[in-house]
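Novice: Here is my input, please return the structure:
(one chain, ligands or ions: 1)
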Amino acid sequence: MTNLAHKETTTPEISLREYQEWTANTAAYPQSNTGRIEELMYLSLGMSGEAGEVSNCIKKLFRDQDTPELRANLSKELGDVMWYAARLATALDVDLTEIISMNKAKLEDRMARGVIKGSGDNR
Ligand SMILES: [Mg+2]
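Specialist: Numbering: from 1, shown residues only. Take a look at the predicted model:
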């Protein structure tokens, strides 16, 4: 996973916890670090916007040409989504590591029960 063909530079490894803590340095938005509903709303809107940018990159890959440059842009936009995820987790006072662990446990449970396919949040 770390040897992406389109990776432009070599970046140092960073843990999810280090990244989440580091995002506080760049949290320049109204109500930052308050955990208030206004902060959650801002971060949710930002995450949706960045998810839209991810989709737009994939649209361009589909419409134009699948190039390393477009895939690199896609990775950058995915990083923007991650930033908002980290800030949202912080606003909720939850570690990203805990969130991905809960997600992994949920999906493993679904696999074990044979309901990984299908729909519904509470399978
Ligand atoms: Mg972006």
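
Novice: Nearest spatial neighbour of the residue of the chain found nearest the ion, chain-adjacent residues omitted?
Specialist: Residue of the chain nearest the ion, by Cβ to the ion: residue 80 (3.8 Å). Quick note: C-beta positions are derived from backbone N, CA and C, even for glycine. Leaving out its chain neighbours, the residue that sits closest to residue 80 by Cβ to Cβ, 6 or more residues apart in numbering is residue 50, at 4.1 Å.

Novice: ok, now which ones touch the one you found?
Specialist: Going by Cβ atoms under 8 Å, 6 or more residues apart in numbering, residue 50 touches 77, 80-81, 83-84.

Novice: Report all helices and strands that the helix or strand the residue of the chain closest to the ion falls within contacts.
Specialist: Residue 80 belongs to helix 68-91 when assigned by DSSP states H and E. Applying 3 or more Cβ pairs under 8 Å, 6 or more residues apart in numbering; DSSP states H and E, one finds that helix 68-91 contacts helix 16-22, helix 37-63, helix 96-113.

Novice: Now that helix: buried residues?
Specialist: 70-74, 77, 80-91 (16 or more other Cβ atoms under 10 Å).

Novice: Helix, strand or coil: sort out residue 30 for me.
Specialist: Assigned by DSSP: H, G, I helix; E, B strand; the rest coil, the conformation of residue 30 is coil.

Novice: ok, it touching residue 37?
Specialist: No: if you go by Cβ atoms under 8 Å, residue 30 and residue 37 don't touch, sitting 12.0 Å apart.

Novice: circling back to that earlier point, now do the helix holding residue 80 against helix 37-63, angle only.
Specialist: 160 degrees (axes from the mean of the first three to the mean of the last three Cα atoms, to 10 degrees).

Novice: May I have stretch 10-21 as CSV, with CA atoms only?
Specialist: Written as CSV, here are the backbone C-alpha positions of stretch 10-21 (Å, rounded to 0.1, in the frame of the first residue of the first chain):
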residue,chain,number,x,y,z
THR,A,10,8.9,9.8,-0.2
THR,A,11,7.1,10.9,3.0
PRO,A,12,7.9,9.7,6.5
GLU,A,13,5.7,7.1,8.1
ILE,A,14,3.3,8.6,10.6
SER,A,15,0.9,6.8,12.9
LEU,A,16,-2.8,7.6,12.8
ARG,A,17,-2.6,9.0,16.4
GLU,A,18,0.3,11.2,15.4
TYR,A,19,-1.6,12.5,12.4
GLN,A,20,-4.7,13.1,14.4
GLU,A,21,-2.8,15.1,16.9
